[in-house]
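A.B. asks: give me a model of this one.
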Amino acid sequence: MFRSFAQADGLLESRIVILADGCEELSSTNKEEEGDDFVLNRKSNKNIENLKHGKCNKDKAENYRLYLNSLRREIRNQRHPFVPVVAWGSIELIELETRYGSAPAIDKAMKEIVTTPLVMICQHDNFFINTAPLRDVVHAMHKERGLGVGANCIHFLSTATMNYVSKVRRRYHIDLGDPIIAKGLQYPLVPLIFWYGRSHISYSDYVRTHCLSRHLPLGSHLEELLGEKQLNDIITRGINAHKEYGTYVLEQGKEILYHFSGRRARQDCDNQSWNKYKMSTCNDDQHKNLHGSITTTIHEGSFTVARFCKAVVPGLAFPLDQEKNQGSLVLHKKTFKQKCFHCGTKGHSKKYCPERKKLLHDQSTASIAEIIDLS
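C.D. replies: The predicted model follows:
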């Protein structure tokens with residue numbers, strides 16, 4: 001993810017704090033081996049390994065500590081990509097002593113670390129796959145509070161927010177109106193009726209007094225705590241209720257962020273997929289141009305996928321059958337009672353939408369795509 005920061009104009013000139021959450025190391029008492037994982041005290045359900053919830057066995061906890069030690073050295077020695085581009089930029093690692101989870105960790109950072117009027121919160125699983133005009137957004141938000149439209153928080157386009165006006169109209173029957181021209185911005189803004197857990201920039205006091213002014217249970221996420229509340233409030237009271245939230249997405253017409261699912265990738269220890277990609281598609285000049293993008297034929301390799309935009313991520317690989325099967329469509333195992341976020345029809349989710357079948361097939365069989373080098 002850090003490698004993609006070069007796509008956000010001005011981000012590497014800022015103070016960047018990498019917040020490393022703690023983990024809960026499980027005891028080895030009454031251990032039952034189950035392949036690479038194990039379960040402790042199954043009946044009480046208290047000591048079950050769950051990496052997403054920060055619970056891991058001794059070996060994985062030690063590997064995490066070794067990783068943080070290595071990361072600290074990389075930052076200290078300013079090895080690529082951990083290199084500020086100007087003298088006043090900085091990069092630092094702060095390790096939390098115990099596991100907090102997303103929302104409590106953000107709360108701790110806002111109370112003890114952040115002192116600037118604006119803050120950008122970047123999720124660990126969000127890549128910048130196209131240029132984000134961060135510098136322009138920061139200047140505009142500094143110059144006039146709210147950009148003349150009451151904007152408190154600016155998100156960048158992702159798959160979830162592409163064609164957002166039509167999606168909201170189909171699913172929730174809410175008319176967001178035309179995109180809004182805000183002062184100082186090249187691109188218009190579209191109101192968000194849901195607070196997404198995507199990389200975004202906000203006023204720091206807004207984050208403290210609005211986003212974090214609620215009970216933050218251990219391991220919770222603001223998307224669940226704030227996003228659901230905002231969505232239900234606007235559905236109940238109408239779009240005028242959006243003024244109390246002031247969340248917008250910058251409408252650039254293409255995806256800027258890609259949400260990377262850790263469940264879909266594995267470590268590519270020997271980096272074979274990157275070498276295969278480099279040999280088959282890149283010349284030396286392209287390989288050295290770390291901040292640019294190229295257009296070429298899609299090859300098997302270490303790609304993250306967002307429609308027709310792919311990013312090479314060295315050190316990661318995907319099972320080859322994932323890209324081959326991404327156009328296939330399977331049925332829900334259980335009845336789906338909500339409305340599809342793609343077509344608005346009740347009975348299936350976006351993932352299983354029949355109208356998306358052709359789109360997914362076209363993406364998987366396309367011969368040309370934009371490839372962004374995050375090496």
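
A.B. asks: wait, what's in contact with residue 20?
C.D. replies: For residue 20, the contacting residues are 68, 71, 93, 94, 95, 96, by C-beta atoms under 8 Å, 6 or more residues apart in numbering. All C-beta spots, glycine's among them, are computed from the backbone N, C-alpha and C.

A.B. asks: buried ones among these?
C.D. replies: Buried subset of the contacts of residue 20 (neighbour count, 16 or more other C-beta atoms under 10 Å): 71, 93, 96.

A.B. asks: I'd say the first one and residue 93 touch.
C.D. replies: Yes: at 6.0 Å, residue 71 and residue 93 qualify as touching, with contact defined as C-beta atoms under 8 Å.

A.B. asks: joint contacts of these two?
C.D. replies: Joint contacts of residue 71 and residue 93 (C-beta under 8 Å, 6+ apart) are 18, 20.

A.B. asks: which stretch of helix or strand covers residue 248?
C.D. replies: strand 247-250 (DSSP states H and E).

A.B. asks: now the helix or strand that comes right after that strand: buried residues?
C.D. replies: As assigned by DSSP H and E, the chain's next helix or strand after strand 247-250 is strand 257-259. For strand 257-259, the buried set under the neighbour-count rule, 16+ other C-beta under 10 Å, comprises 257, 258, 259.

A.B. asks: how about stretch 210-227?
C.D. replies: Within stretch 210-227, the residues that count as buried by 16+ other C-beta under 10 Å are 210, 211, 212, 216, 219, 220, 221, 222, 223, 225, 226, 227.

A.B. asks: what do you get for stretch 82-91?
C.D. replies: The neighbour-count check on stretch 82-91 (16+ other C-beta under 10 Å) flags 82, 91 as buried.

A.B. asks: swap in stretch 57-64?
C.D. replies: Neighbour-count burial for stretch 57-64 [16+ other C-beta under 10 Å]: 57, 60, 61, 64.

A.B. asks: now do the helices in the stretch 101-250 of the chain.
C.D. replies: In the stretch 101-250 of the chain, helices defined by DSSP state H, counting those that start in this stretch lie at 102-112, 134-143, 164-172, 204-206, 222, 228-237, listed in chain order.

A.B. asks: mind putting those into JSON lines with distance to residue 24?
C.D. replies: Formatted as JSON lines, the helices of the stretch 101-250 of the chain follow (distance: least, C-beta to C-beta, whole Å):
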{"stretch": "helix 102-112", "distance to residue 24": "14"}
{"stretch": "helix 134-143", "distance to residue 24": "35"}
{"stretch": "helix 164-172", "distance to residue 24": "38"}
{"stretch": "helix 204-206", "distance to residue 24": "30"}
{"stretch": "helix 222", "distance to residue 24": "22"}
{"stretch": "helix 228-237", "distance to residue 24": "26"}
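
A.B. asks: of the ones you listed, which stretch is the most buried?
C.D. replies: helix 222 (a mean of 20; mean count of other C-beta atoms under 10 Å).
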